[in-house]
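A.B. asks: Structure for the following, please:
(4 chains)
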Amino acid sequence: MNKLKNNATEALEGVLFDGMTIMAGGFGLCGIPEHLVIALRDSGVKDITVISNNCGIDDFGLGILLQTRQIKKMLSSYVGENKTFEKQYMSGELELEFNPQGTLAERCRAGGAGIPGFYTKTGVGTVIAEGKEHKEFDGVTYILETGLVADLSLVKAWKSDDEGNLVYRKTARNFNPVMATAGKVTIAEVEEHVALGDFDPDQIHTPGIYVDSFIVGTDYKKPIEIMTTREYVA
Amino acid sequence: MNKLKNNATEALEGVLFDGMTIMAGGFGLCGIPEHLVIALRDSGVKDITVISNNCGIDDFGLGILLQTRQIKKMLSSYVGENKTFEKQYMSGELELEFNPQGTLAERCRAGGAGIPGFYTKTGVGTVIAEGKEHKEFDGVTYILETGLVADLSLVKAWKSDDEGNLVYRKTARNFNPVMATAGKVTIAEVEEHVALGDFDPDQIHTPGIYVDSFIVGTDYKKPIEIMTTREYVA
Amino acid sequence: MAWSREEIAQRAAQELQDGFYVNLGIGIPTLVANYIPENVQVTLESENGMLGMGPFPYPDQVDPDLINAGKQTISELPQSSYFSSADSFAMIRGGHIDLAILGAMQVAQNGDLANWMIPGKMIKGMGGAMDLVAGVNKVVIIMDHTAKDGSPKFLKACNLPLTGSDVTDLLITNLAVFEFQDGQPVLIELAPGVDAEEIKEKTEAEYTVCPKLKRHLHIQ
Amino acid sequence: MAWSREEIAQRAAQELQDGFYVNLGIGIPTLVANYIPENVQVTLESENGMLGMGPFPYPDQVDPDLINAGKQTISELPQSSYFSSADSFAMIRGGHIDLAILGAMQVAQNGDLANWMIPGKMIKGMGGAMDLVAGVNKVVIIMDHTAKDGSPKFLKACNLPLTGSDVTDLLITNLAVFEFQDGQPVLIELAPGVDAEEIKEKTEAEYTVCPKLKRHLHIQ
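C.D. replies: Presented below is the predicted three-dimensional model:
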C-alpha cells in the first residue's frame, strides 16, 4: 500500500466523475489544496458540487473552477471575494447553499463520524432554519442539521509520513482535518514528506486511516488576501 | 488569572456540592486523575453521579469512592473489575446506567460542543434503544442520544503550561480531552508544568480555555491492570 | 456629541473582564483590542481555529499560514493554540467563549440581530456570525444609532434577514448604550452631550430608561 | 475434527486484506494478529485511542500509559497515532475501520448478535462492542458452534440481550463458516472431518448451503 503519488494528476486518477461532490479544505486562501485544485481543473470533470468554506478568489483556489464552469453548486459560509462567483450566481448558472461556518464544520465532522444528524442552536429563527426540524431540549429550541459526506475530499497539510499521517501548520489547519474524515476518498497534498517514525504519535492531527493517497506539492504560492502588519518601534 | 493550584484539595475548594455530577477521565486505570479522586474522597462530598468509562478497581481510582459510599450513580460502558461495585449494585445501593463506549464519548463531546442531541446507529435494536427516539436517514434507522454536561470534570494530562493548555501521553489520552470540554468547571492534574511558550501551539491537545485550574501531581502510582509482555528472542 | 469609532470601541472594551476569552468581529470590533483595560488579561479567539491571537506581525514575520477570521495576517503568542474549524465552533457553540463583540445592520427590541444580508444585493454569506451569536455567553453589538438617511436601526422588529433571534445582550451605538435585561432593552448610558430625548427620537424600538442612567462627559 | 482456538483465529485471519484497518476483540480474536498472511499489511486499531497497535512490549518497555482496549500493556509502531475516545469512535462509527473480529455468545439467522450480557448474572457492560458492530464495515464473529451442554448457539433468534441487530457479516465457529449474503446465512465451509449433516444437527438457525461448499482438510 503505497499512498504517495507522483503528482496531483496521478492522485486523482480513477476517482473523478461528472456530477460528483467534492470537499476542499481551506479558509480563504489559507490551507487550500492548490495543486489538487489545478489538477481538478485540468481533468475537465463537470457539474461538481463543491463543499468548501469559501470559493477562492477569481484566479486562485477554487475560483479557477468557476472560470471553467466546472462547478454546478457551492456549499459555503462566505463567498465575498470573488467577482466570477457573483456573476455566475446572479445569472443563475451557479447554485449556492449557505451554511453557517460552524454548522458547516460540524456537518463535515458528523459525516465523517457516522452521525447522520445533530441539533444546533445556530440559525434558529433565521432563514437557515426554514424547512428544518425544530426540537426542544430543556426548554431551548434547536434545529436538526445533517451530516455531510463527499465522494472526494481534497485537503492540504504541512507534512505527511508514508502512512498518510498528517500534521497541519497554524491556521492552515481549519477545515482540513474534518473534511479528511468525510470523504469516501481523501487525497492530501503536503509540503513535506517525512519518514515513518519521524512524527511523535501523540502529535498527529489526522491519522493515516483517513488518507487514501497524498502528493508532495512544490512551489506553493500561498497568496495573502489581506496583508496587515505593524511597524517596528525604534 | 493563576490557574495553577498548590494541591488537589485547594483545586477542589468551592466547587463541590452533594448531589453533583462529576466526569472523570481515564480508561481502566490508564490516564485517571489519581490525586483529584483522592481529594474528592477526602472532601466527603456525597450522592455523586459519576460519568466515567469505568469505575476503577476496589482500592484504586474511582473504586475508593465506592468504599466510602459517595457515589449514588455511575454512567459507564464497562465496570468489570470491581467487587465493591458488584456488591453495591446488586444490593441496589448503587444506580448504574450503561452507555456504549462510543456513545458515551460522543455524548461528552456533544455536551462540550453545545449539541444537545445527535443520532447514532449504535444500539439500534438493543436495550440501549428502548425509550429513545428513532429516526430514519436514507433508509437507515438511528436513535437519538443526548449531550452530557457535568458540574465538574476531572482530567489527567501529561503536561500543562500556565495557560492550562494540555498535552496527553499515548493511550492515557482516552476520555480526558472530551470530558475537559464538558465540565462547567474543569480541573486537570498533570505530571509536568511547563513554561508558557514551551508547547508548540500546533501540538496542544486541550486548549486552556477548557481548563479552570490545574495541579501538578507527584508520585504517580499508575497501576497496571493486565501486564502482558513478550520475551526477547536471543 | 456622538462617540467616534474609537470611542465606541473603547466603551465596548469596558465589557472585558480579566480571564475572558473573547471573539472580536470584523470592523470596529477589531479596534477593541487596542483598548483592553490595564490589569485585564483577555485571550482573543479567531474562529478559523486559534486561541491567543496576537497583534499584526512585523513585516518580515508575515506568514500566509497564520491569518485571522477576517483573513488578515496576524501573529501568535506564547499561550496560543491552533485547532480545526470543527473544534473552534465546538468551543463557540458550547458556550466556552465569554464575550463576542460584533457589528450589526439592525437590532430589534427583542434582541434580534441582522448583520449578514441585504435582500437584492449580492449575498456574501454569514460566515461564523450565526454560530457566534447563538453560542457565545454574552453578545455585545456595536452599530451606528441610525442609518445614513437618519432612519433608526434599533427597531421594533428587524426587516432584514436575521442572524440570530433574541441574541443581543448589550447594544452600543454612537449615541447610547442599551442593556438587555430579561430580554428587554434598558437605556443605561448616553454619549456625551446626548440626551434621552434625542435617543427617543432616533429609536424605533421600545425600551425603558434606567433610573441610574449614566451620562458620559467623556469616555474614560 | 473441530477447529482449535488457534485454527479458528487462523481462518479468521484469511479475511484480512492488504491495507485493512482492523479491530480485534478480546479473547480468540486477539490471536488473529499471530496469523496475518504474508504480503498482507494491516493496521490494528484499539478503541481506547490508538491506530497501529504493536505487539506486547518487552518487559523493560512496559508503559502504564500504553494499553489496549483489553487493558493489556502493548507497544507502538513507527506508524502509530494516538487520539481521544471521541475521535476513536468517530472513526469506528463513521465506517473507517474495514474489519472487526469479535467473540459472541449467540448469533441469529438474521445476523443479530449477543455478546455482552446474561440476565441474572452481574452485567459488566458492553464496552465498545455495540459501537463496533454498528460501525465497522465488515463484522466477523467467532464462537464455538454449540454451548457446553451441546445446545446450539447459532439460532433462529437470540434469547440473550442483543449487542446489535443484523450486524454479522461472517460467522466462524469451530465447525463451520457461514457468510451472510443479503442478510441470509449461507454455509460456505466445513472444518476438517465435519459434514453438512453434523452442522444441521447442531444448528437451530435456518441457512442455505453454498453449492461450492468448501471442505477443509486442514487449515492453510
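A.B. asks: And the lowest-mean-pLDDT helix or strand in chain C, what's buried?
C.D. replies: Ranking every helix and strand in chain C by mean pLDDT, DSSP states H and E puts strand C:208-215 at the bottom, with a mean of 90. By 16 or more other Cβ atoms under 10 Å in any protein chain shown, the buried positions in strand C:208-215 come out as C:Leu213. For every residue, glycine as well, the C-beta is placed using N, CA and C.
A.B. asks: Paired strands for that strand, with orientation please.
C.D. replies: Applying DSSP bridges, strand C:208-215 is found paired with strand C:184-190 (parallel).
A.B. asks: and the next element down the chain from the partner strand?
C.D. replies: Heading C-terminal from strand C:184-190, the first helix or strand you meet, by DSSP states H and E, is helix C:196-201.
A.B. asks: Can you list the neighbours in contact with that following helix?
C.D. replies: Contact with helix C:196-201 is made by C:His145, C:Leu175, C:Ala176, C:Leu187, C:Leu190, C:Val209, C:Leu213, as judged by Cβ atoms under 8 Å, 6 or more residues apart in numbering or on different chains.
A.B. asks: Can you tell me the SS state at the residue of chain C most remote from its centre?
C.D. replies: Distance from the C-alpha centroid of chain C, by Cα atoms, centre = their mean, peaks at C:Asp60 (31.3 Å). Secondary structure, DSSP: H, G, I helix; E, B strand; the rest coil: C:Asp60 is helix.
A.B. asks: Then the one 5 residues further on?
C.D. replies: Under three-state DSSP, the three-state class of C:Asp65 is coil.
A.B. asks: which secondary element of chain A has the worst mean pLDDT?
C.D. replies: Ranking chain A's helices and strands by mean pLDDT, DSSP H and E puts helix A:83-90 last, a mean of 89.
A.B. asks: for the record, mean pLDDT for the helix or strand that that one is followed by?
C.D. replies: Moving toward the C-terminus from helix A:83-90, the next helix or strand (DSSP H and E) is strand A:95-98. The average pLDDT within strand A:95-98 is 96.
A.B. asks: before we move on, the earlier item: for the least confident helix or strand of chain A, list every residue counted as buried.
C.D. replies: A:Thr84, A:Phe85, A:Glu86, A:Gln88, A:Tyr89.
A.B. asks: Can that helix be said to contact chain C?
C.D. replies: Yes. Applying Cβ under 8 Å from any Cβ of the partner chain, one finds helix A:83-90 in contact with chain C at A:Glu86, A:Tyr89, A:Met90.
A.B. asks: Any stretches of the chain with poor pLDDT?
C.D. replies: Looking at chain A here, since you left the chain open. Chain A contains residues with pLDDT under 70 at A:234.
A.B. asks: my bad, the chain I had in mind was chain C
C.D. replies: C:217-220.
A.B. asks: Do a quick rundown of the helices in it.
C.D. replies: C:5-13, C:28-31, C:85-93, C:129-135, C:196-201 (DSSP state H).
A.B. asks: which of the ones you listed sits most buried?
C.D. replies: Neighbour counts (mean count of other Cβ atoms under 10 Å in any protein chain shown) averaged over each of these peak at helix C:129-135, with a mean of 30.
A.B. asks: What residues does chain A have near chain B?
C.D. replies: Counting by Cβ under 8 Å from any Cβ, the residues of chain A near chain B are A:106, A:110, A:113-121, A:135, A:137-138, A:140, A:142, A:146, A:167-170, A:173, A:201-203.
A.B. asks: ok so, going back, tell me which of the helices of chain C sits nearest to B:Val155.
C.D. replies: Minimum separation from B:Val155 across the helices of chain C (Cβ to Cβ) falls at helix C:85-93, 16.3 Å.
A.B. asks: now that closest one, how far from the centre of its chain.
C.D. replies: Distance, stretch centre to chain centre, for helix C:85-93: 19 Å (Cα atoms, centre = their mean, to the nearest Å).
A.B. asks: Tell me if that helix is near chain B.
C.D. replies: Yes. Helix C:85-93 lies within reach of chain B by Cβ under 8 Å from any Cβ, at C:Phe89, C:Ala90, C:Met91, C:Ile92, C:Arg93.
A.B. asks: In TSV: the residues you listed, plus distance to chain A.
C.D. replies: Output for the residues of helix C:85-93 next to chain B, formatted as TSV (distance: Cβ to the nearest Cβ, whole Å):
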residue	distance to chain A
C:Phe89	3
C:Ala90	8
C:Met91	9
C:Ile92	6
C:Arg93	6
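A.B. asks: So which of the residues you listed reach chain D?
C.D. replies: Okay, of those, nothing touches chain D (Cβ under 8 Å from any Cβ).
A.B. asks: and of those residues, the nearest to D:Ile74?
C.D. replies: C:Ala90 (30.1 Å).
A.B. asks: what's next to the least confident helix or strand of chain C, contact-wise?
C.D. replies: By Cβ under 8 Å, 6+ apart, strand C:208-215 touches C:Glu179, C:Gln184, C:Pro185, C:Val186, C:Leu187, C:Ile188, C:Glu189, C:Leu190, C:Pro192, C:Ala196.
A.B. asks: near chain C at all, the lengthiest helix in chain A?
C.D. replies: Taking DSSP H as the criterion, chain A has its longest helix at helix A:101-112. Yes. Shown here: helix A:101-112 in contact with chain C (Cβ under 8 Å from any Cβ) through A:Gln101, A:Gly102, A:Thr103, A:Leu104, A:Ala105, A:Glu106, A:Cys108, A:Arg109.
A.B. asks: ok, the first one - contacts?
C.D. replies: Contacts of A:Gln101 were listed using Cβ under 8 Å, 6+ apart, and they are A:Asn53, A:Ser77, A:Tyr78, C:Glu47, C:Ser85, C:Phe89, C:Met126, C:Gly127, C:Gly128, C:Asp131.
A.B. asks: tell me which parts of chain A are close to chain D?
C.D. replies: So far as Cβ under 8 Å from any Cβ goes, chain A lies against chain D at A:1, A:109, A:111-115, A:161-163, A:165, A:181, A:196-197, A:199, A:201-202, A:204, A:207-210.
A.B. asks: Restricted to helices, list those residues.
C.D. replies: A:Arg109, A:Gly111, A:Gly112, A:Thr181.
A.B. asks: Closest one of those residues to chain B?
C.D. replies: Distance ranking of those against chain B, using Cβ to the nearest Cβ, places A:Arg109 first at 9.1 Å.
A.B. asks: returning to that earlier point: which elements pack onto the next helix or strand along the chain from the longest helix of chain A?
C.D. replies: Where DSSP H and E defines the elements, the next helix or strand beyond helix A:101-112 is strand A:117-120. Applying 3 or more Cβ pairs under 8 Å, 6 or more residues apart in numbering or on different chains; DSSP states H and E, one finds that strand A:117-120 contacts helix A:101-112, strand A:140-146, strand B:117-120.
A.B. asks: Deepest-packed of the ones you listed, please.
C.D. replies: Of the helices and strands packed on strand A:117-120, helix A:101-112 is the most buried (mean count of other Cβ under 10 Å), at a mean of 29.
A.B. asks: Residue 44: neighbouring residues, count only.
C.D. replies: Unless you meant another one, I'm taking chain A. 10 (other Cβ atoms under 10 Å in any protein chain shown).
A.B. asks: nope, chain C
C.D. replies: 23.
A.B. asks: One more: the one 3 residues further on?
C.D. replies: By other Cβ under 10 Å, the residues close to C:Glu47 number 26.
A.B. asks: is the closest residue to C:Ile67 other than its chain neighbours in a bridge, and if so with what?
C.D. replies: Leaving out its chain neighbours, the residue that sits closest to C:Ile67 by Cβ to Cβ, 6 or more residues apart in numbering or on different chains is A:Cys30, at 5.1 Å. Applying DSSP bridges to A:Cys30 gives these bridge partners: A:Phe27.
A.B. asks: And for A:Cys30, the neighbour number?
C.D. replies: 29.
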